[in-house]
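# compute the structure for the input listed below.
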Amino acid sequence: MKATKIPVIVITGFLGSGKTTLLNRLLADNPNTAVIINEFGNTPVDQDLIEQQGLPLTTLAGGCMCCQIKGTLAPTLRNLWMAWEQAAQKPFQRMIIETSGIASPEPILDTLLRDKWLSGRYHLLQVITTLAIPSAIEQLNRFAEAKAQVAWADTLLLTHADLADEDQKAALEAQLAALAPTTPRFETVTARLSAAQIPDHVPAMRRLPNQATPIIHGFSSLSLHLQTRISWPQLETILQNLVSEQAADLVRIKGVVLLLNEPQPMVIQAAGQRLYPPAALSGRATDDLRSRLIFITRANQQSLAEQILQAFGAIIDKSALRLHAES
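Residues are numbered from 1 along each chain as shown. A predicted model of the protein is given here:
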C-alpha cells in the first residue's frame, strides 16, 4: 500500500525579510499545520512569534539548517511522519519549514528529495523566498546565501514595499530578472499580506541539489537576557545606536521584551540598518516570558559584546550576555 504523502512548504529568505510574518499568514489560513523552525543561535525566539498556539511545533536551534540537516532535520521528519501515520485523528494536514535567514535551502531540498524514505512520505509543494525590497540588493550582493535562496525559489515574495522607493524597486527587479528570470514574483506591503495573495506555483519537475560540503558562513550570535523592564525610548536609543555604529556587520536583532507601561510582551526587530517599531505579542501571559534579544553579526563577536555591555550600562551585568559559536 502506497504511503500517504504530506505536503511541505519551505519558507526561506534572508534575515529580516518577513519569513515569520508569512508563516503566520499561512497558519491563519490553515492552522492544521506542523511547523519546523530553524534558528541561528542557541536561544530560540521565533517560536514565541507564532500567533497560532497548540500546533505541532519543532524548533531546531544552535546553527543554521544547512549545517544541521544530517543530524537533526531528517530524524525530525521521520518522527513526525510516524506520529502522524499512527494517529487515528491526524494532527496536521501539511508541514511548513521555516529556515534560518542565513541558510541556503539547498540541503533542505536535498533531504526532502533525495532521501528515499522521506521522499516517499513527504511531497515538496512549494519553496517561497521572501526578500525585503529596501535591503535585498545589498544582501544579494554580499551574501551567497541570499542568492541561493532566490535560485531555489518557486515563488519570490517581495516584502516591505511600503518602505521602499521606486529606485530600490526597479534595481531589485533588474537584479531578479538576471538571477531568476522565470520565477514568479510579486510585491506586498508586509502588514497587509494574506495567504490568498500567494500564487500556488508548483513546478512540474524539480532539479536535485548538489550534495555540497558543509558551508562556513562566518556569522555569530549573541543573546541578551534582561531581568527587569525597560522603557521603549531608552531601549530604542540603545538599539538605534548599535544599528548605526555596526551598520555593515550587525545584520539582525530580534527578540521579545517586557517594556515599562506595556501589559503585553513586545516584539523587537531590526534588520539591515532599520529598527522597526515594537509590536505587541498578543495572547501571551507575560509571566511565562523572559525578555531576550538576539544579535546576529559578521563582526568580531567579542567586540560587539563589549559594545552591547557598554550601551546597556548598569541595566545589565555581564552574565546577562551570552556568546554563541560561529557558524
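
# state the pLDDT value of residue 35.
At residue 35, the pLDDT value in this model is 91.

# pretty sure it sits in a strand.
Yes - Residue 35: assigned to a strand according to DSSP: H, G, I helix; E, B strand; the rest coil.

# from what I see, it and residue 94 are in contact.
No - counting by CB atoms under 8 Å, residue 35 sits too far from residue 94 to count as a contact (10.0 Å). Every C-beta, even on glycine, is put in place using the N, C-alpha and C of the backbone.

# what about the helices in this structure?
Using DSSP state H, the helices of the chain run over 19-29, 65-68, 74-86, 106-114, 116-119, 133-142, 144-151, 166-179, 232-245, 301-312.

# of those helices, which is nearest residue 278?
Checking the helices of the chain against residue 278 by CB to CB gives helix 232-245 as the closest, at 6.0 Å.

# what angle do the closest one and helix 301-312 make?
Interaxial angle of helix 232-245 relative to helix 301-312 (axes from the mean of the first three to the mean of the last three CA atoms, to 10 degrees): 150 degrees.

# quick check: phi and psi on residue 87?
Torsion angles at residue 87 (phi, psi; degrees, to the nearest 10) stand at phi -80, psi 130.

# got the domain boundaries for the protein?
As assigned by automatic domain parsing, the chain contains the domains 6-197, 220-323.

# poorly predicted segments of this structure, please.
Within the chain, the set of residues satisfying pLDDT under 70 comprises 1-3, 40-54, 61-71, 190-197, 199-201, 204, 211-217, 282-289, 325-327.

# who are the packing partners of the strand ranked longest in it?
Identified as the longest strand of the chain according to DSSP state E is strand 122-132. Judged by 3 or more CB pairs under 8 Å, 6 or more residues apart in numbering; DSSP states H and E, strand 122-132 is in contact with strand 6-13, helix 19-29, helix 106-114, helix 144-151, strand 155-159.

# direction included, what does that strand pair against?
Within its sheet, and counting by DSSP bridges, strand 122-132 is paired with strand 6-13 (parallel), strand 155-159 (parallel).

# what angle separates the shortest one from helix 19-29?
To tie it back to what came earlier, the one meant is strand 155-159. Using the same axes, to 10 degrees: strand 155-159 against helix 19-29 is 110 degrees.

# outside of strand 155-159, which residues touch it?
Strand 155-159 is contacted from outside by 13, 17-18, 21-22, 126-133, 136, 150, 169, 172, 176, 180, 183-188, 190, 193, 198-199, 201, using CB atoms under 8 Å, 6 or more residues apart in numbering.

# hang on, the earlier thing: the helices of the chain: which one's closest to residue 275?
If you check each of the helices of the chain against residue 275 by CB to CB, helix 232-245 wins as the nearest, at 5.2 Å.

# if we can go back for a sec, out of residue 35 and residue 94, which sits in the more crowded spot?
Comparing residue 35 with residue 94 by other CB atoms under 10 Å, the one with more neighbours is residue 35, at 23 against 17.

# distance of the residue lying closest to that one once chain neighbours are set aside relative to residue 36?
Leaving out its chain neighbours, the residue that sits closest to residue 35 by CB to CB, 6 or more residues apart in numbering is residue 57, at 4.9 Å. Separation of residue 57 from residue 36 (CB to CB, to the nearest Å): 8 Å.

# tell me which of the two has more neighbours.
The neighbour count for residue 57 versus residue 36, taken as other CB under 10 Å, is higher for residue 36 (23 against 15).

# ok, that one to residue 247 distance?
Residue 36 is 32 Å from residue 247, by CB to CB.

# on that earlier part again, save the helices of the chain as CSV, and put in mean neighbour count too.
Below are the helices of the chain laid out as CSV (neighbours: other CB atoms under 10 Å):
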stretch, mean neighbour count
helix 19-29, 20
helix 65-68, 24
helix 74-86, 15
helix 106-114, 20
helix 116-119, 13
helix 133-142, 20
helix 144-151, 21
helix 166-179, 14
helix 232-245, 15
helix 301-312, 16
